[in-house]
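**Student:** I'll drop the sequence and a predicted model, then ask my questions.
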Amino acid sequence: MSAIASRQQAIAATLALAPVVPVVVVESARDAVPLARALVAGGIPAIEVTLRTPAALEAIRAIAAEVEGAVVGVGTVLDATQLAAAERAGARFAVSPGATRTLLDAADDHAIPYLPGAATASEAMALLERGYTHMKFFPAENVGGAPALRSLGGPLPTLRFCATGGIALANARDYLALPNVAAVGGSWLTPKAAVAAADWSAIEALAREAVALR
Ligand code: 3PG
């Protein structure tokens, strides 16, 4: 098996762990461990920590080192330097909202399984050409939602998507019912207010509710 095929297989296995991949924005690294423990306790092991805050890499390091059962990934990877830094911090998968040639070249040179983003048939075809069968569909709700993803499945039946962007409990099932959806991503499992209040049991309850989607 080629390196990219085996990394895509690892992505498939990660997306199969639960119906939802929480997209997490960590303002303070000290929240990371209890937050990840709450998600894992609720049945959600794969967690995407976005590189949108200065605390993100430290949060990834802490979760990787301290949270048993967590599969911590990195999100919002925009360049090769970030990909390398997140891999060094212990991220076990990486996600981007889109893809660039530079980033795909970098991903070819790194062991970390990579989930690039696509929003159109042409973007998905470009990724397929490079060996990607799994991709993030972003921003899902704004580019046609579940009906658009269903339509992409006609000409591109071998592709599997993690749909993200505007998805929450109310519409997640529309996506999860599609044969080309491996999982959905979303920030609704970790509301800002719950994190600020260190209300980890609320986050665990949201995780449980998400697991029950499938
Ligand atoms: C992402 O990076 O995947 C999105 O910001 C998450 O989208 P959501 O906040 O609409 O769930």
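**Tutor:** Done, it's in. Numbering: from 1, shown residues only.

**Student:** What are the phi and psi values at Ala163?
**Tutor:** phi -80, psi 130 (degrees, to the nearest 10).

**Student:** pLDDT score assigned to it?
**Tutor:** With respect to pLDDT, Ala163 scores 98.

**Student:** Same question for Arg214.
**Tutor:** If you check Arg214, the pLDDT there is 88.

**Student:** Likewise for Met1?
**Tutor:** On pLDDT, Met1 comes in at 88.

**Student:** got a list of what it touches?
**Tutor:** Gln9 (Cβ atoms under 8 Å, 6 or more residues apart in numbering). Any C-beta I mention is one placed from the backbone N, CA and C, and that applies to glycine too.

**Student:** Just the strands from this protein, written as ranges.
**Tutor:** 20-24, 46-50, 71-75, 94-95, 114-115, 117-118, 134-137, 160-164, 181-186 (DSSP state E).

**Student:** strands paired with the fifth one, and their directions?
**Tutor:** Looking at strand 114-115 with DSSP bridges, its paired strands and their directions are strand 94-95 (parallel).

**Student:** In contact with Leu39, which residues?
**Tutor:** Residues in contact with Leu39, defined by Cβ under 8 Å, 6+ apart, are 22, 45, 47, 70, 189-190, 203-204, 207.

**Student:** So which of these are in helices?
**Tutor:** 203-204, 207 (DSSP state H).

**Student:** Highest neighbour count among these?
**Tutor:** Ile203 (26 neighbours; other Cβ atoms under 10 Å).

**Student:** Tell me the pLDDT of that residue.
**Tutor:** 98.

**Student:** My read is that it contacts Ala193, right?
**Tutor:** No. Checked against Cβ atoms under 8 Å, the pair Ile203 and Ala193 is beyond contact range at 10.9 Å.

**Student:** possible to save the strands of the chain as TSV with distance to the ligand?
**Tutor:** Below are these laid out as TSV (distance: least, Cβ to the nearest ligand atom, whole Å):
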stretch	distance to the ligand
strand 20-24	4
strand 46-50	6
strand 71-75	6
strand 94-95	7
strand 114-115	11
strand 117-118	8
strand 134-137	7
strand 160-164	4
strand 181-186	4
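
**Student:** which of those sits most buried?
**Tutor:** Ranked by mean neighbour count, the strands of the chain are led by strand 114-115 with a mean of 30 (mean count of other Cβ atoms under 10 Å).

**Student:** who touches Leu128 in this structure?
**Tutor:** Here Leu128 is in contact with 156, 158-159 (Cβ under 8 Å, 6+ apart).
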